[in-house]
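*Asks:* With the sequence up front, the predicted model follows.
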There are 2 protein chains.
Amino acid sequence: MQVTLGVIGLGLIGGSLALDLKHRGYVGRVLGVENNPGNAETALRMGLVDQVVSQEECIGKADIIVVAVPVGTAVKLIPAILDKIGPRQLVIDVCSTKSQICHAVKYHSRRPQFVSTHPMAGTEYSGPGAAQTGLFDGRACIFADAEQSAPQAVKAVEELYRVLNMRLTFMNADQHDVHTAYVSHISHVTSFALALTVLEKEKDEKHIFDLASGGFASTVRLAKSNADMWVPILTQNRDNMLQVMDTYMKEIQQFRDAIATFDEARLRELITEANKIKRILK
Amino acid sequence: MQVTLGVIGLGLIGGSLALDLKHRGYVGRVLGVENNPGNAETALRMGLVDQVVSQEECIGKADIIVVAVPVGTAVKLIPAILDKIGPRQLVIDVCSTKSQICHAVKYHSRRPQFVSTHPMAGTEYSGPGAAQTGLFDGRACIFADAEQSAPQAVKAVEELYRVLNMRLTFMNADQHDVHTAYVSHISHVTSFALALTVLEKEKDEKHIFDLASGGFASTVRLAKSNADMWVPILTQNRDNMLQVMDTYMKEIQQFRDAIATFDEARLRELITEANKIKRILK
């Protein structure tokens, strides 16, 4: 008998995941849950899901339920889903912060049937219209606090992500949130702030963007990211964000001080140190 | 009789420019000047120039002399070149800041034979090995304070950049430096600072980069940029840089305050405003 997949939230991640799991034959049938009627229609038209159903019907019928809604909603929704599932069902979340979710279900009797993951893929676009095949191929997927899930549940979810060609990594939820603060969340804040800086200047200098080129586009690209997704990520990861932002502002201040005093030796030192990022970037 | 081009500084910009002007038939012969013997050898091996000569020989023989050295050096070099040229020679610079250069030659008797330009192309790589054909195609080229150059000199340089398929824009040098502070120079500082922030964290968290994905790479890419080029840009554009950095830090601080106080409404407001960058980015 083939697996029925339920996907709650048919955005970029939920939609892309449904698409590849279905087309690669891992699941037989995909039931989608989507509150926004326009998004539901898009998802059906694009063939991301076989049917859009109510949350109740999804929870009642799906073997595996993927929660792909913004993390603020997910924190409340996941315990409520666990309250309702039977002993053979599995629940997965795909959210970008893990501590609060894992904390919220820690003592739930169905905790072993829940696997908390973060497939690290995406673009600056959102919604089902942004869904694409191959989005996850070759990317990292984090399993958070997997020791609190039943071994057979983890195994099933590993298999699911292997179908998506992801590289699997295991860490605890708190460690995940520290790491993503540094290599993902802060990048969004720096892009948002850069966009605001230049948009503000545009009020006086109408043509300020005329000279913008590839370098600017690259650093500001993430500023297109969606508020629904990013507001709860930033507040849920508050403590780590404050830490990384304080370090970041200290670094910006070092550049400011060196520029203000024409300290070329210090600037050279800072830039040469920053160049060590070459070791990391391809 | 065909034009002899002299290029002083065979880096990414000087090298790429020589390559396309020669191969597209705009110039007959290219003489390069390069202090670094390794770079000189690379430029010859890659066919960027026909011959590497001394600065004196270049100034003596070239019809058009392109100054493509870091802007700190260029400020001193350009007046010295103008001291030596004859009445039919042309000098162009291709530096990323324009105010100090234009100021340095403002009252020079050969000022009409100098055209100050900024072809806005490049990558995060440097040196002749990074030179590539087509680098300038479709990109913007700024002519700064062009009214201080002789009309026939401007016309000749326009023709040169049209061979490189550039879109020509005219503005005064000070305005150029304001604009580039906002849409180019600040992006480099934000990337350098982000690289330093995560490299610093790596000292305690060895695997911090394991989860880095496309978004991080995009925002930190410019941190690979070369100190020789960027130290003088940042100090020459000091006043504009301080202004843009202060605005930028204020924006970062707004995010910090909203995150610290869990002010989701304010965060949503900031992100929604930043999203207006979509109007600018493709």
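*Replies:* Perfect, thanks for sending it. Numbers count the residues shown, from 1 in each chain, chains lettered A, B, ... in the order given.
*Asks:* need the contact list for residue A:112.
*Replies:* A:148-150, A:153 (C-beta atoms under 8 Å, 6 or more residues apart in numbering or on different chains). C-betas here are computed from N, CA, C, even on glycine.
*Asks:* same thing but 10 Å
*Replies:* A:87, A:90, A:148-154 (C-beta atoms under 10 Å, 6 or more residues apart in numbering or on different chains).
*Asks:* Can you list the low-confidence ranges for chain A?
*Replies:* A:1 (pLDDT under 70).
*Asks:* Would you mind listing the buried residues in the helix or strand encompassing residue A:20?
*Replies:* Using DSSP states H and E, residue A:20 maps to helix A:12-23. Neighbour-count burial for helix A:12-23 flags A:12-22 (criterion: 16 or more other C-beta atoms under 10 Å in any protein chain shown).
*Asks:* Contact residues of the stretch 51-200 of chain A facing chain B?
*Replies:* Contact residues, the stretch 51-200 of chain A versus chain B (C-beta under 10 Å from any C-beta of the partner chain): A:72, A:118, A:120-125, A:139-140, A:142, A:167, A:169, A:171, A:175-176, A:178-200.
*Asks:* And the residue nearest the centre of chain A?
*Replies:* The centroid of chain A falls nearest to residue A:96 when counting by C-alpha atoms, centre = their mean (3.8 Å).
*Asks:* Chain neighbours aside, what residue packs nearest to that one?
*Replies:* residue A:233 (5.0 Å; C-beta to C-beta, 6 or more residues apart in numbering or on different chains).
*Asks:* quick one: what helix or strand has that neighbour in it?
*Replies:* Counting by DSSP H and E, the element that carries residue A:233 is helix A:227-236.
*Asks:* send the alpha carbons of that helix over as CSV?
*Replies:* Written as CSV, here are the backbone C-alpha positions of helix A:227-236 (Å, rounded to 0.1, in the frame of the first residue of the first chain):
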residue,chain,number,x,y,z
ALA,A,227,7.7,38.8,6.4
ASP,A,228,5.3,35.9,7.3
MET,A,229,8.2,33.6,7.4
TRP,A,230,10.9,35.8,8.8
VAL,A,231,9.2,37.7,11.6
PRO,A,232,8.7,34.5,13.7
ILE,A,233,12.2,33.1,12.8
LEU,A,234,13.8,36.3,14.1
THR,A,235,11.8,36.5,17.3
GLN,A,236,12.0,32.7,18.0
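*Asks:* How far off centre is that helix?
*Replies:* Relative to the chain's own centre, helix A:227-236 is displaced by 10 Å; criterion: C-alpha atoms, centre = their mean, to the nearest Å.
*Asks:* What is the end-to-end distance of stretch A:24-32?
*Replies:* Taking C-alpha to C-alpha, to the nearest Å, stretch A:24-32 runs 18 Å from one end to the other.
*Asks:* What segments of chain A are helices?
*Replies:* Assigned by DSSP state H, chain A shows helices spanning A:12-23, A:37-45, A:55-61, A:71-84, A:99-105, A:151-163, A:173-180, A:186-202, A:214-220, A:227-236, A:238-260, A:264-274.
*Asks:* picking that back up, mind giving me the packing neighbours of the helix holding residue A:233?
*Replies:* helix A:71-84, helix A:99-105, helix A:173-180, helix A:186-202, helix A:238-260, helix B:238-260, helix B:264-274 (3 or more C-beta pairs under 10 Å, 6 or more residues apart in numbering or on different chains; DSSP states H and E).
*Asks:* buried residues in stretch A:228-240?
*Replies:* Result for stretch A:228-240 [16+ other C-beta under 10 Å]: buried residues A:228-238, A:240.
*Asks:* hang on, residue A:101 packs against residue A:115?
*Replies:* No: Residue A:101 lies out of contact with residue A:115 (C-beta atoms under 10 Å); the separation is 11.1 Å.
*Asks:* who touches both of the two?
*Replies:* In contact with both residue A:101 and residue A:115: A:93, A:144-145, using C-beta under 10 Å, 6+ apart.
*Asks:* What about those residues, which are in strands?
*Replies:* A:93, A:144 (DSSP state E).
*Asks:* Please convert the shared contacts of residue A:101 and residue A:115 to a markdown table, extending it with neighbour count.
*Replies:* Shown next, in a markdown table, are the shared contacts of residue A:101 and residue A:115 (neighbours: other C-beta atoms under 10 Å in any protein chain shown):
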| residue | neighbour count |
| --- | --- |
| A:93 | 27 |
| A:144 | 26 |
| A:145 | 24 |
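*Asks:* which ones are touching the residue in the stretch 1-150 of chain A that chain B sits nearest to?
*Replies:* Using C-beta to the nearest C-beta, the single residue of the stretch 1-150 of chain A nearest to chain B is residue A:120, 5.0 Å away. Residue A:120 makes contact with A:94, A:96, A:136, A:139-142, A:166-167, A:169, A:180, A:183-184, B:210-216, according to C-beta under 10 Å, 6+ apart.
*Asks:* Ok, residue A:245 next?
*Replies:* Residues in contact with residue A:245, defined by C-beta under 10 Å, 6+ apart, are A:181, A:185-186, A:189-190, A:193, A:234, B:197, B:252-253, B:255-256, B:259-260.
*Asks:* of all those residues, which comes closest to residue A:161?
*Replies:* Lowest distance from residue A:161 to the contacts of residue A:245 (C-beta to C-beta) belongs to residue A:185, with 22.1 Å.
*Asks:* And for that closest one, the neighbour number?
*Replies:* Neighbour count of residue A:185, defined by other C-beta atoms under 10 Å in any protein chain shown: 26.
*Asks:* Does it touch residue A:248 like I think?
*Replies:* No: contact criterion C-beta under 10 Å: residue A:185 and residue A:248 do not qualify, at 11.1 Å.
*Asks:* Quick check: neighbours shared by the two?
*Replies:* Counting by C-beta under 10 Å, 6+ apart, nothing touches both residue A:185 and residue A:248.
*Asks:* What residues does the closest residue to residue A:69 other than its chain neighbours make contact with?
*Replies:* Ranked by C-beta to C-beta, 6+ apart and with sequence neighbours excluded, the top spatial neighbour of residue A:69 is residue A:9, at 3.8 Å. For residue A:9, the contact set (C-beta under 10 Å, 6+ apart) comprises A:15, A:32-36, A:39, A:66-70, A:73-74, A:77, A:93-95, A:128.
*Asks:* Could you identify the buried members of those?
*Replies:* The neighbour-count test (16+ other C-beta under 10 Å) marks A:15, A:32-34, A:39, A:66-70, A:73-74, A:77, A:93-95, A:128 as buried among those.
*Asks:* just checking, residue A:184 touches residue B:210?
*Replies:* No: in this structure residue A:184 lies outside contact range of residue B:210 using C-beta under 10 Å: 11.8 Å.
*Asks:* So between the two, which is more surrounded?
*Replies:* The neighbour count for residue A:184 versus residue B:210, taken as other C-beta under 10 Å, is higher for residue A:184 (23 against 15).
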